[in-house]
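# return a 3D structure for these sequence lines:
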Amino acid sequence: MNAAPDPDRDPRRFARARRRALWAWLALLVLLLASAGSAQLHWGGANLVVSLLIAAVKIAIVGWVFMALGEAHRLPRLAAAIGVAVLTVMVGLGAVDALARRDEATRWQSPQALPARLTQTHASS
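Next up, the predicted model:
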């Protein structure tokens with residue numbers, strides 16, 4: 001009996017997956033250098049945008065290549081999409097909170113000392 005060849009043991013598929021992982025790893029290293037380089041530049045608010053874009057590309061590479069979401073069924077893709085949606089909502093709510101706060105100066109109040117209480121009153125038996 002001649003069994004069907006196992007697609008996971010195909011040497012060409014393995015070589016293709018190895019090349020793909022190598023390119024993904026190199027891309028992640030380049031993005032690491034870009035992230036570290038952008039942290040050294042003083043672009044003001046653009047630093048946050050650039051850092052978040054680099055992080056999003058890193059997430060996409062890891063999800064697509066190493067988690068194999070491109071070849072996965074519906075449920076793992078749905079779980080990943082829900083995770084991204086929850087993260088997006090949390091970042092959005094944090095941004096709304098930070099933007100809604102006002103930095104108002106308060107009046108200076110001089111510190112006031114309270115009288116010292118060195119003795120305690122106990123009920124005598």
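
# show me the shaky parts of this structure.
1-8, 119-125 (pLDDT under 70).

# quick one: the helices in it?
11-40, 46-61, 74-100 (DSSP state H).

# pick the most buried one from the ones you listed.
helix 46-61 (a mean of 14; mean count of other Cβ atoms under 10 Å). No exception for glycine: its C-beta is placed from N, CA and C like everyone else's.

# how many degrees apart are that one and helix 11-40 in direction?
170 degrees (axes from the mean of the first three to the mean of the last three Cα atoms, to 10 degrees).

# helix 46-61 packs against which elements?
Contacts defined by 3 or more Cβ pairs under 8 Å, 6 or more residues apart in numbering; DSSP states H and E place helix 46-61 against helix 11-40.

# for the helix it packs on, which helices and strands make contact with it?
Going by 3+ Cβ pairs under 8 Å, 6+ apart, helix 11-40 lies up against helix 46-61.

# distance from the chain centre to the helix it packs on, please.
Centre-to-centre, helix 46-61 and its host chain are 9 Å apart (Cα atoms, centre = their mean, to the nearest Å).

# tilt between that helix and helix 74-100?
Going by the same axes, to 10 degrees, helix 46-61 makes 170 degrees with helix 74-100.

# before we move on, back to that, closest one to Ala68 among the helices of the chain?
Ala68 lies closest, by Cβ to Cβ, to one member of the helices of the chain: helix 74-100, at 8.4 Å.

# and the closest one, how far out from the chain middle?
10 Å.

# tell me what that helix is packed against?
So helix 74-100, by 3+ Cβ pairs under 8 Å, 6+ apart, packs with no helix or strand.

# centroid residue for the chain?
Ala55 (7.0 Å; Cα atoms, centre = their mean).

# quick one, what contacts that one?
Ser35 (Cβ atoms under 8 Å, 6 or more residues apart in numbering).

# go again using 6 Å as the cut-off
Applying Cβ atoms under 6 Å, 6 or more residues apart in numbering to Ala55 gives no contacts.

# distance-wise, check Val30 relative to Val50.
Using Cβ to Cβ, to the nearest Å, Val30 is found at 14 Å from Val50.

# would you format the helices of the chain as CSV with distance to Arg117 included?
Formatted as CSV, the helices of the chain follow (distance: least, Cβ to Cβ, whole Å):
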stretch, distance to Arg117
helix 11-40, 52
helix 46-61, 50
helix 74-100, 40
